[in-house]
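> Predicted model and sequence follow; I will ask about them next.
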Amino acid sequence: MAKQRIGLLLALWLGVFVNPAEAAPAAIATAYPLATEAGFEILSRGGNAFDAAVAVSAALAVVEPSSSGIGGGGFWLLHRASDNFSTMVDGRERAPLSARVDMYLDATGEPIPKLSIDGPLSAGIPGLPAGLVHLTETYGNLPLATSLAPAIRLARDGFVVDEHYLKMVGYRLDALRASSAAAAIFLDRGDAPASGFRLVQGDLAKTLEALAEQGRDGFYTGLVAQQLIAGVNAAGGHWRTQDLTAYRVKQRTPVTGQYRQMKITTAPPPSSGGVALITALNILERYALDEVDDITRKHLVVEAMRRAYRDRAQYLGDPDFTQVPVAQLIDKTYAAGLAAGIRRDRATPSAMLPGRAKLQRGRDTTHFSIIDGDGNRVAATLSVNLPFGSGFVPPGTGVLLNDEMDDFSSKPGLPNAYGLVGAEANAIAPGKRPLSSMTPTFLEIGDDVAVLGTPGGSRIITMVLLAALEFGEGNKDPASWVSLPRYHHQFLPDVIQFETDGLSSAQQDGLSALGHQLKPVGRRYGNMQAIWWDRASGHIRAASDPRRQGLADVR
Ligand code: GLY
């Protein structure tokens, strides 16, 4: 008995002190329970965080088709613990080689309604499949076929859709009906399905199998590529073989910043997210935000958002096509200049700041966060843009194409359909990546690490900002970051948008008195997935946004 107890103590001691890495738990937070399970399945088969990221990305493509998919793209922010290496894998869609700057304008130069959001002309060349292959080949432990197996199973066997699916189908019904292949998959005899609908995606399972067996050739050349091109071109798009064969992911150096004791590692261009996040934090670092009253705090945060979004619209675009002054924009001296124009007693009308911006409507998109037992991390934000992307599926592929072309400024320098304008930096060009707001982010204060991100279109950046401020002020509870009431300002339109519980009536009165315009958005937005980890003690917590039905777990 005594021997057994000594044996047990020894085992515990060995487990805890000799090889803590082996005993350390992993955490996964995703927008969909089946995707979280797919990630843990791959970890249990010997995969690392990067293999799990492949499994989660592919599973989300199947179970949350309104938000992301292999017909879309995304950004995977990675940290490899063994050599302290951070990078961002950019699997953003590219404009087809046939794209033209005025492709969504009529003969009089006016935007043609819906052309950049519905149907194959709105689709960029997908980057997600190339991203999965790159993650596996460069960072993973397992074969691609192993990591894709859960997604293939889910596509082939099907699953019962959730309420969010039904709501998003309703929102995109016309676009889905316009594509017979999409309607056959996502609708029920041409109508929005009812609760209990089982989504089976046989063609998508076959396409994922081709990817599993042949790697990037399984998607970008061969039968699937032929079907994609034939389907797009038969429905009015203009894709060439070279569009697919020439697609490559890019490894980008993340942008980094410092807010008090907190290090920020986040998404570089072609995302605007990281630059805008760091600009806002640099401005806010100049104020003792935790000491001012609540209305002043929100006023200052809004003024920082206003200035960061002004720069976003003015300067940001695909760095392979336009020179983006990242170093200047995230410089603290530059932020001091921006902060100098902020009055504590008065809102700055956006009209008083030079610049222009494009309004973005609410977008779908998804985010997940992973830390494995070795401390490898992934923050990934993936998208097809609007819910169900373009609504178009090239027959035989099961691949729902994105409508990410709408993230370009389709009419640079001139007012768009919403009375607002975008800048040349984000004008359409062949092979160019549209500007994104996706902001997968790592935050660190000493041994404390946060991994987070969210969907939400142009509001993504301010959601991450609000969570970063919490962590930066010592809040180590990810459940509270993801459930923070939200408010947002994006320079134009010149209003503070807020969730119903995002501002109390006293705060609304106080901000109005400072000259701010306020606009309740009438519903809750975002779907943040976050992890907190104490590198020293190994304590780890994960949280999924209470606004939706994701699953965060530690195992
Ligand atoms: N399509 C959403 C984004 O990239 O920001």
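That came through, no problem.
> I'd like to know how many residues surround the residue of the stretch 451-555 of the chain at minimum distance from the ligand.
Nearest residue of the stretch 451-555 of the chain to the ligand: residue 457, at 5.7 Å (C-beta to the nearest ligand atom). In this view, the C-beta of every residue, glycine as well, is placed from N, C-alpha and C. Residues near residue 457, counting by other C-beta atoms under 10 Å, number 22.
> what do you get for residue 544?
Residue 544 has 28 nearby residues by other C-beta under 10 Å.
> same check, this time on residue 112
Residues lying near residue 112 (other C-beta under 10 Å) number 14.
> Same question for the one 10 residues further on.
Taking other C-beta under 10 Å as the neighbour definition, residue 122 ends up with a count of 25.
> my read is residue 507 is in a helix, agree?
Yes: applying DSSP: H, G, I helix; E, B strand; the rest coil, one finds residue 507 inside a helix.
> neighbours of the residue in the stretch 201-350 of the chain positioned nearest to the ligand, just the number please.
Per C-beta to the nearest ligand atom, residue 271 is where the stretch 201-350 of the chain lies closest to the ligand, at 7.2 Å. Residue 271 has 30 neighbours, counted by other C-beta under 10 Å.
> Could you pull up phi and psi at the closest residue in space to it that isn't next to it in sequence?
Nearest residue to residue 271, sequence neighbours excluded (C-beta to C-beta, 6 or more residues apart in numbering): residue 436, at 4.4 Å. Main-chain dihedrals, residue 436, degrees, to the nearest 10: phi -120, psi 160.
> Going forward, the N-terminal residue is numbered 25.
Got it, the first residue is 25 from now on, which makes the last one we talked about residue 460.
> Just confirm residue 460 contacts residue 431, I think it does.
Yes: between residue 460 and residue 431 there is a contact under C-beta atoms under 8 Å: 6.2 Å.
> Check what pLDDT the residue of the stretch 225-374 of the chain closest to the ligand gets.
With respect to pLDDT, residue 295 has a value of 96.
> just the one 3 residues further on next, same as before
Residue 298 is assigned a predicted lDDT (pLDDT) of 98.
> give me the number of residues near it?
Residues near residue 298, counting by other C-beta under 10 Å, number 30.
> Can you show me the strands along the stretch 175-324 of the chain?
183-184, 222-223, 274-276, 279-283, 286-290 (DSSP state E, counting those that start in this stretch).
> and among those strands, the most buried is which?
Of these, the one with the most neighbours on average (mean count of other C-beta atoms under 10 Å) is strand 286-290, at a mean of 23.
> For that one, name the packing helices and strands.
strand 97-104, strand 279-283, helix 297-308, strand 465-469, helix 484-496 (3 or more C-beta pairs under 8 Å, 6 or more residues apart in numbering; DSSP states H and E).
> quick one: which of those is nearest residue 177?
Nearest to residue 177, of all those, is strand 97-104, at 21.9 Å by C-beta to C-beta.
> for the record, mean pLDDT for the closest one?
98.
> how far off strand 465-469 does that strand point, in degrees?
Put simply, strand 97-104 runs at 30 degrees to strand 465-469, going by axes from the mean of the first three to the mean of the last three C-alpha atoms, to 10 degrees.
> Report the strands that pair with strand 97-104, each with its relative direction.
When sheet partners are counted by DSSP bridges, strand 97-104 sits next to strand 109-115 (antiparallel), strand 401-407 (antiparallel).
> Among those, single out whichever gets nearest to the ligand.
strand 401-407 (4.3 Å).
> How about the closest one and the ligand, touching?
Yes: residues of strand 401-407 contacting the ligand under C-beta under 6 Å from any ligand atom: residue 407.
> what's the answer for stretch 508-516, then?
No: Stretch 508-516 lies apart from the ligand when judged by C-beta under 6 Å from any ligand atom; the minimum separation is 12.1 Å.
> What residues sit buried inside that stretch?
508, 510, 511, 512, 513, 514, 515, 516 (16 or more other C-beta atoms under 10 Å).
> Now do that stretch: distance from first to last residue.
23 Å (C-alpha to C-alpha, to the nearest Å).
> what does stretch 102-117 give?
Per C-alpha to C-alpha, the first residue of stretch 102-117 is 19 Å away from its last.
> Which positions in it come out as buried?
Using 16+ other C-beta under 10 Å as the test for burial, stretch 102-117 gives 102, 103, 104, 105, 111, 112, 113, 114, 115, 116, 117.
> so which of these would you say is closest to residue 211?
Closest to residue 211, out of all of these and judged by C-beta to C-beta, is residue 117, at 24.6 Å.
> how close does that closest one get to residue 416?
In this view, residue 117 and residue 416 are 14 Å apart by C-beta to C-beta, to the nearest Å.
> same deal with residue 304?
36 Å.
> And residue 500, by the same measure?
Taken as C-beta to C-beta, the span from residue 500 to residue 416 is 44 Å.
> same deal with residue 234?
Counting by C-beta to C-beta, the gap from residue 234 to residue 416 is 20 Å.
> out of these two, which sits in the busier spot?
Each of residue 234 and residue 416 has its neighbours counted (other C-beta under 10 Å); residue 416 has more, 29 against 19.
> Got phi/psi on the residue nearest to the more buried one when sequence neighbours are not counted?
Of all residues not flanking residue 416 in the chain, residue 203 sits nearest, at 4.5 Å (C-beta to C-beta, 6+ apart). Main-chain dihedrals, residue 203, degrees, to the nearest 10: phi -110, psi 110.
> that older thread, mind putting the buried residues of stretch 102-117 into CSV with distance to the ligand?
Output for the buried residues of stretch 102-117, formatted as CSV (distance: C-beta to the nearest ligand atom, whole Å):
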residue, distance to the ligand
102, 19
103, 22
104, 25
105, 28
111, 19
112, 14
113, 15
114, 12
115, 12
116, 8
117, 9
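> any chance you could map the helices in the stretch 125-274 of the chain?
152-163, 168-181, 187-195, 197-201, 204-210, 226-238, 241-244, 246-258, 265-269 (DSSP state H, counting those that start in this stretch).
> from what I can see residue 165 touches residue 73, true?
No: using C-beta under 8 Å, residue 165 is not in contact with residue 73, being 10.0 Å away.
> who has more neighbours, these two?
The neighbour count for residue 165 versus residue 73, taken as other C-beta under 10 Å, is higher for residue 73 (32 against 15).
> In contact with the more buried one, which residues?
50, 67, 102, 394, 395, 396, 398, 400, 401, 402 (C-beta atoms under 8 Å, 6 or more residues apart in numbering).
> Surely the third one touches residue 396?
This means residue 102. No: contact between residue 102 and residue 396 fails when scored by C-beta under 8 Å: they sit 11.4 Å apart.
> still on that earlier bit, could I get the strands of the stretch 175-324 of the chain as CSV with mean pLDDT and distance to residue 410?
As requested, these are arranged in CSV below (pLDDT from 0 to 100; distance: least, C-beta to C-beta, whole Å):
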stretch, mean pLDDT, distance to residue 410
strand 183-184, 98, 23
strand 222-223, 98, 19
strand 274-276, 98, 24
strand 279-283, 98, 27
strand 286-290, 98, 24
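> can you redo these as TSV with distance to the ligand?
Converted to TSV, these look like this (distance: least, C-beta to the nearest ligand atom, whole Å):
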stretch	distance to the ligand
strand 183-184	25
strand 222-223	23
strand 274-276	15
strand 279-283	16
strand 286-290	14
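> Just the pLDDT for the residue in the stretch 325-474 of the chain positioned nearest to the ligand.
Closest contact between the stretch 325-474 of the chain and the ligand, by C-beta to the nearest ligand atom, is at residue 460 (3.2 Å). Residue 460 is assigned 94 on the pLDDT scale.
> Could you give the number of residues near the nearest residue to residue 447 once chain neighbours are set aside?
Spatial nearest neighbour of residue 447, excluding adjacent residues (C-beta to C-beta, 6+ apart): residue 338 at 5.3 Å. When neighbours are counted by other C-beta under 10 Å, residue 338 registers 19.
> Near the ligand, which residues of the protein? Just list them.
Residues of the chain lying near the ligand (C-beta under 6 Å from any ligand atom): 387, 389, 407, 409, 428, 431, 460, 461, 462, 481.
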